[in-house]
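J.: This is a predicted model, with the sequence first.
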Amino acid sequence: MVRALKFLTKSVRSEIDRAPVLSRRWRYIVVHNSGTRQGNAKAFDYYHLHVRKMPNGLAYHFVIGNGTSTGDGEIEIGNRWKRQINGGHVHSDYLNNIALGICLVGDFNRDTPTKNNSMPATNSSATCGSAVGKIDRKWAIVKPHREINPPRWPTDCPGDRFPYNWIHGRFDQPGTCTKRQNIEHPTSNAEHPMVPTLTGAAVPLSLGVGCSVLEVGCSSA
């Protein structure tokens with residue numbers, strides 16, 4: 001257990017805690033795989049910024065290494081968490097505004113996550129849940145990407161070999177669904193106010209795109 005927890009260091013925990021989290025902002029934590037066998041936050045940020053043309057770069061709030069480009073289990077904290085801005089990791093602007101994205105480096109259609117790759121996802125999810133607090137006396141709901149993406153855009157992320165029983169066993173709360181969860185997307189901005197982005201402007205609650213690193217994110221994010 002000590003080895004599995006080694007990357008949730010005091011400095012990482014401190015950086016997570018320093019973020020200016022707004023009350024009731026984050027309702028979900030979404031777990032992804034990168035769809036690549038190697039990579040890190042810097043590489044994914046470059047791709048999202050310069051190829052996908054996402055102005056805020058890295059689509060995720062956190063990236064967890066698999067021992068290729070960064071340490072096995074190393075937690076990288078993205079600018080979106082530090083600045084508390086919307087993600088670009090789900091095929092829905094609405095969900096991107098209320099869901100944190102954690103990306104495990106790996107292609108889990110071909111490989112299974114390493115122990116150090118998956119355990120920090122547990123710990124960073126729990127830490128983020130603690131940092132964002134409760135909404136209606138419930139912690140943020142942790143979901144694999146394919147169980148929360150809008151049905152119009154099905155995805156296999158985080159892959160067929162991802163340990164779904166592990167994530168459900170660790171994070172499912174009483175009264176939450178363990179299968180695909182269809183989130184109702186708002187049609188009224190008055191009912192669901194828009195959330196500030198990096199520039200302080202508001203983004204419309206329209207649909208974007210999202211999946212693995214190669215497919216993730218919407219161009220407005």
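T.: Sure thing, it's come through.
J.: immediately after the helix or strand bottoming out on mean pLDDT in the chain, which helix or strand?
T.: Every helix and strand of the chain was ranked by mean pLDDT, DSSP states H and E. The lowest is helix 115-132, at a mean of 67. Next helix or strand after helix 115-132 toward the C-terminus (DSSP states H and E): strand 141-144.
J.: Strand partners (parallel or antiparallel) of that following strand?
T.: strand 28-33 (parallel) (DSSP bridges).
J.: residues of the helix or strand following the partner strand that come out buried?
T.: Sequence order places helix 41-46 as the next helix or strand after strand 28-33, per DSSP H and E. Neighbour-count burial for helix 41-46, counted by 16 or more other C-beta atoms under 10 Å, picks out Ala41, Ala43, Phe44, Asp45. From N, CA and C alone the C-beta is placed, and that goes for glycine too.
J.: and if you look at stretch 18-28?
T.: Ala19, Val21, Arg25, Trp26, Arg27, Tyr28.
J.: Distance check, Asp156 against Tyr28.
T.: Distance of Asp156 to Tyr28, given as C-beta to C-beta, to the nearest Å: 19 Å.
J.: how about the nearest residue to Arg80 once chain neighbours are set aside, what does it touch?
T.: In space, and not counting its chain neighbours, Arg80 is closest to His61: 4.8 Å by C-beta to C-beta, 6 or more residues apart in numbering. His61 makes contact with Ile77, Gly78, Arg80, Trp81, Gly87, Leu100, Gly101, Ile102, Cys128, according to C-beta atoms under 8 Å, 6 or more residues apart in numbering.
J.: dump the residue contacts of the third one.
T.: Residues near Arg80 by C-beta under 8 Å, 6+ apart: Asn56, Leu58, Ala59, Tyr60, His61, Asn86, Gly87, Gly88, Gly101.
J.: ok, so of the residues you listed, who is nearest Arg152?
T.: Gly88 (17.8 Å; C-beta to C-beta).
J.: which element is Asn86 on?
T.: Counting by DSSP H and E, Asn86 is found in no helix or strand.
J.: Could you report the neighbour count for it?
T.: By other C-beta atoms under 10 Å, 29 other residues sit near Asn86.
J.: Is it correct that it is in contact with Asn97?
T.: Yes - between Asn86 and Asn97 there is a contact under C-beta atoms under 8 Å: 4.6 Å.
J.: Any idea how far apart the tips of stretch 82-94 sit?
T.: End-to-end span of stretch 82-94 (C-alpha to C-alpha, to the nearest Å): 20 Å.
J.: what comes up buried for it?
T.: Quick answer for stretch 82-94 (16+ other C-beta under 10 Å): Gln84, Ile85, Asn86, Gly87, Gly88, His89, Val90, His91, Ser92, Asp93, Tyr94.
J.: Pipe those into CSV and attach secondary structure, distance to Arg146 and pLDDT per row.
T.: Converted to CSV, those look like this (DSSP: H, G, I helix; E, B strand; the rest coil; distance: C-beta to C-beta, whole Å; pLDDT from 0 to 100):
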residue, secondary structure, distance to Arg146, pLDDT
Gln84, coil, 26, 94
Ile85, coil, 24, 95
Asn86, coil, 20, 94
Gly87, coil, 16, 95
Gly88, coil, 17, 95
His89, coil, 12, 94
Val90, coil, 11, 92
His91, coil, 11, 87
Ser92, coil, 13, 88
Asp93, helix, 19, 91
Tyr94, helix, 18, 91
